[in-house]
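Student: Give me a 3D structure for the following:
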Amino acid sequence: MKKLIIVVVLLASYSFAGDLLPLKHGVEFDHKGHQTKKVGMCSVCHGEHIGKIDGFGKEWAHTHCINCHKLYKEGPPTTCGGCHKTMSLLRQ
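Tutor: Predicted structure coming up:
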């Protein structure tokens, strides 16, 4: 029974994970895109659990996301307007 519950949770989280996730302040996160890129493994961002990222917020994203984008030289520019779409619209 425990294995069945784990499988159901994994399948449910995988189907949700394919969506474009709206975050705060105009940031949209392409979870599926990150799964298929070099990141590949859930544990890179999620640590030991599947689901919400412990400690996720402004500080976490500004450290982890920006560093990863700089490391792989992919994704949006690592400027405010690169991720925060509402800010890039205001500057136009």
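Student: For Asn67, the count of nearby residues, please.
Tutor: Asn67 has 11 neighbouring residues, counting by other CB atoms under 10 Å. All C-beta spots, glycine's among them, are computed from the backbone N, C-alpha and C.
Student: Surely it is within a helix?
Tutor: Yes: the assignment for Asn67 is a helix, going by DSSP: H, G, I helix; E, B strand; the rest coil.
Student: Just the local confidence number for it, please.
Tutor: The per-residue pLDDT reported for Asn67 equals 93.
Student: The one 10 residues further on too?
Tutor: Reported pLDDT at Pro77 in the predicted model: 88.
Student: Quick check: chain neighbours aside, which residue is closest to Pro76?
Tutor: Gly82 (3.7 Å; CB to CB, 6 or more residues apart in numbering).
Student: Output stretch 56-64 as PDB, nothing but the C-alphas.
Tutor: Extracted C-alpha coordinates of stretch 56-64, given in PDB (Å, rounded to 0.1, in the frame of the first residue of the first chain):
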ATOM      1  CA  PHE A  56      12.200  28.900  -1.500                       C
ATOM      2  CA  GLY A  57      11.700  32.600  -1.800                       C
ATOM      3  CA  LYS A  58      13.500  35.700  -3.000                       C
ATOM      4  CA  GLU A  59      16.900  34.900  -1.400                       C
ATOM      5  CA  TRP A  60      16.800  31.300  -2.500                       C
ATOM      6  CA  ALA A  61      15.900  32.100  -6.100                       C
ATOM      7  CA  HIS A  62      18.300  34.900  -6.400                       C
ATOM      8  CA  THR A  63      21.100  32.700  -5.300                       C
ATOM      9  CA  HIS A  64      20.300  29.300  -6.800                       C
END
